[in-house]
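K.L.:
below: sequence and its predicted model.
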Amino acid sequence: MDLFDLHCDTITLCSSKNLELRHNDLHISLERLPEGSRWGQAFAIFVPDQLRGEDAVKFFRDNVQFFREQVEKNSDRIVQASNYEEICQAFDAGKFAAILTVEGGAALGGKLEMVDELRRCGVRMLTLTWNGENELASGSDTHVGLKPFGVEAVRRMEELGILVDVSHLNDEGFADLCKVATKPFIATHSNSRTICNHSRNLTDEQFCEIRDRGGLVGLNYYRYFIKEDGISNNIDDLLAHVRHFLSLGGEDVICCGSDFDGAEIPEYLNGLDRVENFRKAMLDSGISPEITQKILFENARRFFEKNL
């Protein structure tokens, strides 16, 4: 099965627990990746909200080093891909493409030159915030919008080709970003607020804004972003988000953003080896093979071809 997944926290979790990417009991391990498939995985360095300034910068650098070590150790299975050409080269070699991302703009330490460092490290997506407030903006913990440094950072990211990720960004920050952004931006791991009324999910207006700008929205498998009570025993609960986004004209927008190793996942999708359940459920529900392939792989592939 072919798949692009726009978000997981596996690298940060492996680093914190001194685990190996190849062999572990997490959602993602290289030994459980299916052979003979094209698989692109965005690995996020998640910067916790309690880290700011130089502490956040050091955390980022330490985890970049860990990521590089893991890729080097497992070069027979996986390669870091910093652009679309390298993604294709990985697939042609029968390997998995690892795209380095950062979750939390605190990684910049409030310094604009850190945007350049992220790009030199091969970072291609930056989630502006987590739940709290940082130097750029804020998640849903506050109503603080995009700050002056956030505006500067977004402009520099666009200059360097680092994609702006609005997952976690609060509504005020999203509205401010729309006034600043000149290139497509993405929500790597966010669902529909109409289906599940959580502030971390996207309103219909936000989804349509991303759609109209040529961006992507990655479906999040976290149980509390699928259903408000967090009780999801049937994959139809996730399909409700798919159907709603499709009703908004999202056929070319929807992709996957699992949040593996960063969230509580329902049993039906609890690990890489169960993603096939999602493909089968979409087909069984009447979603066409073409649209199913778009959601799992083709939408992200085409987007990266244009924007990485």
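P.N.:
Structure received. A quick note: this is a predicted structure, and the numbers were derived from the prediction, not measured.

K.L.:
Arg193 against Thr203, yeah?
P.N.:
Yes. Counting by C-beta atoms under 8 Å, Thr203 is a contact partner of Arg193 at 5.0 Å. In short, each C-beta sits where N, CA and C put it, glycine included.

K.L.:
who has more neighbours out of these two?
P.N.:
Neighbour comparison, Arg193 and Thr203: the larger count goes to Arg193, with 21 against 15 (by other C-beta atoms under 10 Å).

K.L.:
quick one: contacts for the more buried one?
P.N.:
Contact analysis of Arg193 by C-beta atoms under 8 Å, 6 or more residues apart in numbering lists 199, 201-204.

K.L.:
these in helices, which ones?
P.N.:
Judged by DSSP state H, the contacts of Arg193 include Asp204 as members of helices.

K.L.:
for the contacts of Arg193, which one is nearest Lys179?
P.N.:
Thr203 (16.9 Å; C-beta to C-beta).

K.L.:
what pLDDT is listed against that closest one?
P.N.:
pLDDT for Thr203: 98.

K.L.:
same question for Pro34.
P.N.:
78.

K.L.:
which parts of the chain are strands?
P.N.:
3-8, 39-46, 78-80, 96-103, 125-127, 163-165, 217-219, 254-256 (DSSP state E).

K.L.:
can you tell me the average pLDDT over the fourth one?
P.N.:
Mean pLDDT, taken over the full extent of strand 96-103, equals 98.

K.L.:
Asn110 against Gly53, yeah?
P.N.:
One thing to correct before we go on: residue 110 is Gly, not Asn. Yes. When contacts are counted by C-beta under 8 Å, Gly110 is listed as touching Gly53 (6.6 Å).

K.L.:
which one of these two has more residues nearby?
P.N.:
Using other C-beta under 10 Å as the criterion, Gly110 and Gly53 rank with Gly110 on top: 18 against 13.

K.L.:
give the buried residues for the top helix by length along the chain.
P.N.:
For the chain, the longest helix by residue count, based on DSSP H, is helix 53-73. Using 16 or more other C-beta atoms under 10 Å as the test for burial, helix 53-73 gives 56-57, 59-60, 63-64, 66-67, 70-71.

K.L.:
next one: stretch 15-31
P.N.:
In stretch 15-31, counting by 16+ other C-beta under 10 Å, buried: 15, 19, 21-22, 24, 26-30.

K.L.:
not counting that stretch itself, show me its contacts.
P.N.:
8, 10-11, 13-14, 41, 62-63, 66, 70, 73-74, 77-78, 96, 258, 260-261, 265, 270-272.

K.L.:
next one: stretch 273-289
P.N.:
Contacts of stretch 273-289 (C-beta under 8 Å, 6+ apart): 1, 3, 32, 34, 235-236, 238-239, 242, 246, 256, 258, 268-269, 291-292, 295-296.

K.L.:
cool, and stretch 70-83?
P.N.:
11, 14, 20-22, 30, 33, 40, 67-68, 86-87, 89-90, 93, 95-100, 122, 124, 308.

K.L.:
repeat that with 7 Å
P.N.:
21-22, 30, 87, 90, 95-100, 122, 124, 308 (C-beta atoms under 7 Å, 6 or more residues apart in numbering).

K.L.:
now, which of these sits nearest His189?
P.N.:
Closest to His189, out of all of these and judged by C-beta to C-beta, is Ile99, at 13.8 Å.

K.L.:
so how far is Ala97 from the nearest residue to the closest one once chain neighbours are set aside?
P.N.:
Distances taken as C-beta to C-beta, 6 or more residues apart in numbering place Ala42 nearest to Ile99, at 4.6 Å, with adjacent residues excluded. Separation of Ala42 from Ala97 (C-beta to C-beta, to the nearest Å): 9 Å.

K.L.:
check contacts around the nearest residue to Gly218 once chain neighbours are set aside.
P.N.:
Here the nearest residue to Gly218 in space, its sequence neighbours aside, is Gly257; by C-beta to C-beta, 6+ apart that works out to 2.1 Å. The contact partners of Gly257, by C-beta under 7 Å, 6+ apart, come to 5-7, 188-189, 218-220.

K.L.:
still on that earlier bit, just want to know which of Ala42 and Ala97 has more residues nearby.
P.N.:
Applying other C-beta under 10 Å to Ala42 and Ala97 shows that Ala42 carries more neighbours, namely 27 against 24.

K.L.:
who's in contact with the more buried one?
P.N.:
Applying C-beta under 7 Å, 6+ apart, the residues near Ala42 are 5-8, 99, 101, 125, 188.

K.L.:
so where's the stretch 101-250 of the chain uncertain?
P.N.:
Applying pLDDT under 70 to the stretch 101-250 of the chain flags no residue at all.
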